[in-house]
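Asker: missing the sequence, but the structure's below:
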């Protein structure tokens, strides 16, 4: 009986979440953006999330000119679907609403080459490439084993090593990207104006000031303070309530 009640409750939540999502979409089409946000938030509170949900929520905030929540939800959508070009495009539009212009320190040499290689795919895509390579390796091995012509055997043998190399590269890239994803702590500044301190205390001098919508990376936590780093490698301490972490 308890299992039946649990199943009914789960089904009810699923349909209710879909209904709230559809109501949110309808409100958005009618340009009732506050109502749309309220409906989308109800879906999130029910435990449901998707890239489309965060994208629609971000669009609603963007229409309301609320830069921080718009950027935050676009970033959340990208975490679930990194290759979505619509989200990437709208995020760029939202970022143009921010005040801070933070430069990106370019990487050079071997580290740049490695980063460019890893950024080609998401870690899940690298993992699937490794799986595909392993299947291809098995097929080449079967071809090598059953081939009777010397030239054909050599082709399959050479192909085995090429595919094996590709498989190891894919596995290494998937692991590296996964570790980077787990260790990175991106956050969005939600405070309209957020002073960044040289030390984790209120009386410390301001190192610089950030404004809402700016993306930062948390590298350390201490009580009510977070040590952050910008894309130009600038660091400082900001109050926890001034930012909202993406993970």
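Answerer: Nice, thanks for sending it over. No experiment lies behind these values; they were computed from the predicted model shown.
Asker: and residue 180, how many residues sit next to it?
Answerer: 12 (other C-beta atoms under 10 Å). From N, CA and C alone the C-beta is placed, and that goes for glycine too.
Asker: Can you get me a residue count around the residue nearest to it when sequence neighbours are not counted?
Answerer: Distances taken as C-beta to C-beta, 6 or more residues apart in numbering place residue 118 nearest to residue 180, at 7.5 Å, with adjacent residues excluded. By the criterion of other C-beta under 10 Å, residue 118 has 17 neighbours.
Asker: before we move on, what about residue 106?
Answerer: With other C-beta under 10 Å as criterion, residue 106 counts 6.
Asker: Check residue 235 too.
Answerer: Count around residue 235 with other C-beta under 10 Å applied: 16.
Asker: quick one: contacts for residue 69?
Answerer: Shown in contact with residue 69 (C-beta atoms under 8 Å, 6 or more residues apart in numbering): 57, 58, 61, 190.
Asker: any chance of those residues in a markdown table, with distance to residue 179 and secondary structure too?
Answerer: Shown next, in a markdown table, are these (distance: C-beta to C-beta, whole Å; DSSP: H, G, I helix; E, B strand; the rest coil):
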| residue | distance to residue 179 | secondary structure |
| --- | --- | --- |
| 57 | 29 | helix |
| 58 | 28 | helix |
| 61 | 32 | helix |
| 190 | 28 | coil |
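Asker: Please report which of those has the highest neighbour count.
Answerer: Neighbour counts for these (other C-beta under 10 Å) peak at residue 57, which has 27 neighbours.
Asker: Go ahead and confirm it touches residue 72.
Answerer: No: using C-beta atoms under 8 Å, residue 57 makes no contact with residue 72, being 9.3 Å away.
Asker: what do those two both touch?
Answerer: Taking C-beta under 8 Å, 6+ apart as the contact criterion, no residue touches both residue 57 and residue 72.
Asker: helices or strands up against the longest strand anywhere in the chain?
Answerer: With DSSP state E setting the assignment, residue counts place strand 215-222 as the longest strand in the chain. When contacts are defined as 3 or more C-beta pairs under 8 Å, 6 or more residues apart in numbering; DSSP states H and E, strand 215-222 packs onto strand 186-189, strand 225-229, strand 235-239, strand 243-245.
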